[in-house]
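Visitor: Here is the input, now give the coordinates:
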Amino acid sequence: MADKNETAEERFKRLATKRTNAVLDTLRKLGNLSNRTNYRYSEQDVERIFTAIYEAIGDIEARFSPQKERKFEL
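Guide: Sure thing, here's the model as predicted:
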């Protein structure tokens with residue numbers, strides 16, 4: 001449980017740790033699907049999975065990067 005006196009940095013670290021571990025655990029579970037003895041899948045299926053994951057990572061990474069001001073010029 002969060003402490004009322006918890007700083008923004010402490011809250012970030014607490015939540016980032018918890019959420020990152022949850023993502024890593026879910027990716028480990030996804031990796032379990034690679035067992036061809038138990039599952040059938042195509043290379044296209046694998047490409048679609050990793051494309052979705054890489055796109056989501058790119059979107060999230062962009063949110064952590066400083067936003068550059070976009071200017072229009074003719």
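Visitor: When you work out contacts or count neighbours from here on, use the C-alpha atoms and nothing else.
Guide: Will do.
Visitor: any idea which helix or strand carries the residue nearest to the spatial centre of the chain?
Guide: Among the residues of the chain, the one closest to the centroid is Ile57, at 4.9 Å (CA atoms, centre = their mean). Following DSSP states H and E, one finds Ile57 within helix 43-64.
Visitor: same deal with Glu73?
Guide: With DSSP H and E as the test, Glu73 turns up in no helix or strand.
Visitor: List phi and psi for it.
Guide: Per-residue torsions, Glu73: phi -150, psi 140 (degrees, to the nearest 10).
Visitor: and Arg11, how many residues sit next to it?
Guide: 14 (other CA atoms under 10 Å).
Visitor: quick one: it and Lys18, what's the gap?
Guide: Distance of Arg11 to Lys18, computed by CA to CA, to the nearest Å: 11 Å.
Visitor: Residue ranges in the protein under the pLDDT threshold?
Guide: Within the chain, the stretches with pLDDT under 70 are 1-2.
Visitor: Tell me the spacing between Asp63 and Phe12.
Guide: Check again: residue 63 is Arg, not Asp. According to CA to CA, Arg63 and Phe12 sit 15 Å apart.
Visitor: Would you mind giving both backbone torsions of Thr7?
Guide: As for Thr7, its main-chain torsions (degrees, to the nearest 10) stand at phi -80, psi 170.
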